[in-house]
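> sequence unknown, structure follows:
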């Protein structure tokens, strides 16, 4: 596949992109690009429409980059493009972590003086891992919780299968009836999501 440099101003984000990027995550992507370079080009269709790499484009803008590396996938049908935009984000969520091996790697990096915050883990998670605790690395990112607070259940549908999704919605409805609260805080949602995933 050929990598082509394209101007940031030429690229067109997908209007129905259901994946969101918080300011914090964009900053993390930008830090990763600064540390490691452009290891993952932006995927575009034959008309400069972004298929994958919306977060990387935002990070490039934050860094002031005028051009970014792209790979053109012009042979995908419209249906395939829609499907891949979702699959590219969802498939990564299906992976897990071996906390023991992860902790070994983190300690090695720390011993070499590497700045662990570039890896994308929050300070609390890093502290738990380095302290020998086992944080739950499979929970929804904070931006997904924020989206749910705003009523965007489409994000939850992408992150969970239908049975898990229904379980979460039912638990939230029960909690709403019991408390009379319409807008759940992130803390309450976190507790509900943990209980639904057990």
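The structure has been received and is ready for your questions. From a predicted model like this one, the values you see are computed outputs, not experimental measurements.

> ok, the residue located most distally from the centre of the chain to residue 171 distance?
Going by CA atoms, centre = their mean, the residue of the chain most distant from its centre is residue 178, 32.1 Å out. Counting by CB to CB, to the nearest Å, the gap from residue 178 to residue 171 is 11 Å. C-beta coordinates here come from the backbone N, C-alpha and C atoms, glycine included.

> check residue 113 too.
For residue 113, the distance to residue 171 - CB to CB - is 44 Å.

> higher neighbour count, these two?
residue 171 (16 against 6; other CB atoms under 10 Å).

> tell me which helix or strand the more buried one sits in.
According to DSSP states H and E, residue 171 maps onto helix 162-179.

> for that helix, the averaged confidence score.
The average pLDDT for helix 162-179 rounds to 70.

> burial measure for the residue lying closest to residue 3 once chain neighbours are set aside, as a count.
Leaving aside its sequence neighbours, residue 3 sits nearest to residue 69 (CB to CB, 6 or more residues apart in numbering; 5.0 Å). Counted with other CB under 10 Å, the neighbours of residue 69 add up to 17.

> residue 29 now?
21.

> thought it was touching residue 59?
Yes: between residue 29 and residue 59 a contact is recorded at 3.9 Å, counting by CB atoms under 8 Å.

> now do the contacts for residue 49.
Neighbour list for residue 49: 11-12, 14, 81 [criterion: CB atoms under 8 Å, 6 or more residues apart in numbering].
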